[in-house]
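**Q** what shape does this take:
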Amino acid sequence: MIVEPGELLAAIDSPDDLKKLSEDQLVQLSQELRQFIVDTVSIYGGHFGASLGVVELSVALHYVFNTPYDQLVWDVGHQAYGHKILTGRRDRFPTNRRYGGMSGFPKRKESEYDAFGVGHSSTSIGAALGMAVASDYKKEFDRQHIAVIGDGAMTAGMAFEALNHAGVTNSNLLVILNDNCMSIDPNVGALKEYLTDITTSRTYNKVRDELWNVLGKLSKFGPNPQQVARKVEAAMKATLLKQSNLFEALKFRYFGPVDGHDVQHLVTILNDLKSIPGPKILHCVTVKGKGYALAEKDQTLWHAPGLFDKITGEIYKKHHEKPQPPKYQDVFGHTMVELAQQNGKVMGVTPAMPSGCSLNIMMDAMPDRAFDVGIAEQHAVVFSAGLATQGLVPFCNIYSSFMQRAYDQVLHDVALQNLNVVFCLDRAGFAGADGPTHHGCYDLAYMRCIPNMVVSAPMNEEELRNLMYTAQLPDMGPFSIRYPRGEGVMPEWRLPFKKITVGTGRVVCEGTDVAILSIGHIGNYAVKATAQLAAEGLSAGHYDMRFCKPLDEEMLAAVCSKYKAIVTVEDGCLQGGFGAAVLEFMADHGYHLPVQRLGIPDRVVEHGTQDELYKECGFDAAGIAAAVRTLSGKVAAKAAVETVIR
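**A** Predicted coordinates:
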């Protein structure tokens, strides 16, 4: 289906075309841009509410600034759809997040207008500051550098580190704070309350407007009117707010709050800010989902709703006659409540993803035992470590790719102290349409080399529950459990808990010449592969190893003694991962068998559905079966040669 843009939007293929419009026309253009996003996302899917909230801001930024020479950095990227459409990608927008299509996030190799590739939050200020300092060094003093960051992303330590540094550089940096009280879920913490104080203070906002008018007239007085103006401005802000302005304390000029949906006023303000040197922050108040009533009302649901009827708002869902397997994240969420009911020491922790990881189920049932700490993965891990020192058992749920941001804390603050923190790594393996910034490719490798760490992956929902149960039993240390995005394989999954002996696998089926060793959910594709092979008369054994560390050495020894070749399968990087662990075991114990490792190769794998990416990388069911056939052929050929020699 072709989505037709409005009259003004249809004529814009670059910001140069945008600049040909009058300021009065920007209101209509914003309406057309918002409607184009609604029309396209309803049909093709993608993130939704965040980009609707910054339509006017996107238009104003490209209207005022000389992009791409002026460098515009979008934090996270959920909010960048309008930016992409205005910068020559309107006709490609329907391919957004689809296999072989446009990335859902800003990407440097996709467009010169994407100044910095993003996907994880809170990087925009630091990146834009680096660009600004580089411009100073190259004497490009006319170049502007703009970071657009949400109030949720501002809760991360990285954002404060960058603000702290920027305040003493005096570089030409404009930070635009997109304040909508939301990330994916409602924001939490003292910063949110502080911004609310600024936004809702009628006295401050009234006097601020009067103050700006006065400051415009001060140029007639005194030898240093700018210095006088800044002192008056700072004094008024400090007096009218409950505490001194946080951003002014970090040596930023603070402007706002302003209406982020008044495109003409934004143009005026941004033009004024262009002439003000040094670090400055513009506080824009916006509504996530602006212009689509249902998205404004339920901002979490409409962050990325999938396909929907834009008229009725009905979100399309598949209807099945039979019960379907649950999502792994929901199994985690419900199991947390069950474990917490049985064990008063169990606690839940997530960095700003309660609905994404389903910890919201426990937060609703036991609000005093489940914590959203904001977009702060490092803090989430150290906070969990602190809980563990007091005899509690925190389940710290962080997406696999986000856990990379807290790696030092996992090693230094948890593992070295051998604390019983249970890391539940959601979205492990290919994350699908979110692409390479979100793929959980590396956790098997980066967790496996950490002392004291148990590294596990369930093949199905029952194993996830049993691993979670095992991880909170007495005398356990650091424990990592990884599972993928999406559905499992067991419609009837609420089974009684069973302890799993750490470091033990299980036999799925016995075979003859070739053994398939799998870890995690991808083992279900190996089940399909063995069925295909059996239909061809080939017998492959299949072993669900469950643990990447410690390995089931007894099972591996038996496999190496029985079979003539091995295929390892993992939804993770081949370098340092599960297959590498098997090879290390074989080398250490003198086993010499042909081994074919299947997994994620040493390259950037772009976005697509999980099945599309499994196929691309050769470890879908067909790829696993092909590897077994190849090894079976080699084994047979070797046997034939040995027979001739004899």
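
**Q** buried ones in stretch 116-135?
**A** Of the residues in stretch 116-135, 116-133, 135 count as buried by neighbour count, 16 or more other CB atoms under 10 Å. C-betas here are computed from N, CA, C, even on glycine.

**Q** run a quick neighbour tally on Val635.
**A** Using other CB atoms under 10 Å, Val635 has 18 neighbouring residues.

**Q** in contact with the closest residue in space to it that isn't next to it in sequence: list those residues for me.
**A** Nearest in space to Val635, with sequence neighbours left out and distances taken as CB to CB, 6 or more residues apart in numbering, is Lys564 at 4.6 Å. By CB atoms under 8 Å, 6 or more residues apart in numbering, the contact set of Lys564 is Asp513, Val514, Leu593, Pro594, Val635.

**Q** just the endpoints, please. Distance across stretch 84-92?
**A** 10 Å (CA to CA, to the nearest Å).

**Q** name the residues that touch it?
**A** 5, 9, 12-15, 18, 33, 36-37, 58-59, 62, 67, 93, 96, 101-102, 106, 110-111, 113.

**Q** surely Ser384 is in contact with Val393?
**A** No. Counting by CB atoms under 8 Å, Val393 is not a contact partner of Ser384; they are 9.6 Å apart.

**Q** intersection of neighbour lists for the two?
**A** With CB under 8 Å, 6+ apart, Ser384 and Val393 have common neighbours Met347.

**Q** which residues touch Asp17?
**A** Ala11.

**Q** I'd like to know how many residues surround Ile43.
**A** 15.

**Q** mind exporting the longest strand anywhere in the chain as PDB, just the C-alpha atoms?
**A** In the chain, with assignment by DSSP state E, the single longest strand is strand 565-573. Listed next in PDB are the C-alpha coordinates belonging to strand 565-573 (Å, rounded to 0.1, in the frame of the first residue of the first chain):
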ATOM      1  CA  ALA A 565      31.700 -35.100  14.500                       C
ATOM      2  CA  ILE A 566      30.000 -32.300  16.300                       C
ATOM      3  CA  VAL A 567      27.800 -29.300  15.400                       C
ATOM      4  CA  THR A 568      27.500 -26.500  18.000                       C
ATOM      5  CA  VAL A 569      24.600 -24.000  17.700                       C
ATOM      6  CA  GLU A 570      24.100 -20.800  19.600                       C
ATOM      7  CA  ASP A 571      22.300 -17.500  19.000                       C
ATOM      8  CA  GLY A 572      25.400 -15.600  20.000                       C
ATOM      9  CA  CYS A 573      28.800 -14.500  18.700                       C
END
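
**Q** so what are the domain limits for this structure?
**A** 7-201+241-303, 328-482, 506-645 (automatic domain parsing).

**Q** per-residue confidence at the spatially closest residue to Trp74 that is not a sequence neighbour?
**A** Nearest non-adjacent residue to Trp74, counting by CB to CB, 6+ apart: Ala80, 4.4 Å away. For Ala80, the model assigns a pLDDT of 93.

**Q** what of the one 5 residues further on?
**A** In this prediction, Ile85 carries a pLDDT score of 96.

**Q** next one: phi and psi at it?
**A** Here is the backbone geometry of Ile85 (degrees, to the nearest 10): phi -60, psi -40.

**Q** could you do Tyr328 as well?
**A** phi -60, psi -40.

**Q** try Leu177
**A** According to degrees, to the nearest 10, Leu177 has phi -90, psi 110.

**Q** what about the residue lying closest to it once chain neighbours are set aside, how many residues nearby?
**A** Using CB to CB, 6+ apart and skipping the chain neighbours, the partner closest in space to Leu177 is His283 (4.9 Å). Using other CB under 10 Å, the number of residues around His283 comes to 20.

**Q** could you do Ala622 as well?
**A** Quick note: Ala622 (other CB under 10 Å) scores 15 neighbours.

**Q** helix, strand or coil for Val508?
**A** strand (DSSP: H, G, I helix; E, B strand; the rest coil).

**Q** pretty sure it is touching Ala540, no?
**A** No. Using CB under 8 Å, Val508 is not in contact with Ala540; the gap is 10.3 Å.

**Q** intersection of neighbour lists for the two?
**A** Contacts common to Val508 and Ala540, judged by CB under 8 Å, 6+ apart, are Thr530.

**Q** grab the nearest non-local neighbour of Ser122.
**A** Ala156 (3.5 Å).

**Q** swap in Met476?
**A** Met476 sits nearest to Asn420 (CB to CB, 6+ apart), 5.0 Å away.

**Q** ok, Lys528 next?
**A** Using CB to CB, 6+ apart, the closest residue to Lys528 is Ala621 (3.8 Å).

**Q** ok so, going back, okay, the domains of the chain in CSV with distance to Met1 next?
**A** Output for the domains of the chain, formatted as CSV (distance: least, CB to CB, whole Å):
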stretch, distance to Met1
domain 7-201+241-303, 6
domain 328-482, 19
domain 506-645, 20
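
**Q** and Val267, what element?
**A** helix 263-274 (DSSP states H and E).

**Q** ok, Gly126 next?
**A** Per DSSP H and E: helix 124-137 holds Gly126.

**Q** any idea which helix or strand comes after that helix?
**A** Assigned by DSSP H and E, the successor of helix 124-137 is strand 145-150.

**Q** does Phe571 touch Tyr483 like I think?
**A** One thing to correct before we go on: residue 571 is Asp, not Phe. No. Asp571 is beyond contact range of Tyr483, at 10.0 Å (criterion: CB under 8 Å).

**Q** give the residues shared as contacts by the two.
**A** Contacts common to Asp571 and Tyr483, judged by CB under 8 Å, 6+ apart, are Ala428, Gly520, His521.

**Q** got a pLDDT number for the spatially closest residue to Leu270 that is not a sequence neighbour?
**A** Closest residue to Leu270 apart from its sequence neighbours, by CB to CB, 6+ apart: Val64 at 4.2 Å. pLDDT recorded at Val64 is 97.

**Q** neighbours around Val64, how many?
**A** Neighbour tally, Val64, other CB under 10 Å: 22.

**Q** I'd assumed Ile269 was in contact with it.
**A** No. Under the criterion of CB under 8 Å, Val64 makes no contact with Ile269, lying 9.1 Å away.

**Q** so which bits of the top helix by length along the chain are buried?
**A** Secondary structure of the chain per DSSP state H: the longest helix is helix 621-645. Neighbour-count burial for helix 621-645, with 16+ other CB under 10 Å as criterion, is recorded at Ala621, Gly623, Ile624, Ala625, Ala626, Ala627, Val628, Arg629, Leu631, Ser632, Val635.

**Q** now that helix: average pLDDT?
**A** 83.

**Q** do the same with stretch 486-502
**A** 96.

**Q** likewise stretch 331-348?
**A** Stretch 331-348 comes out at a mean pLDDT of 98.

**Q** what's the residue nearest to Lys528 in contact with, if anything?
**A** Contacts of Ala621 (CB under 8 Å, 6+ apart): Tyr525, Ala526, Lys528, Ala529, Gln532.
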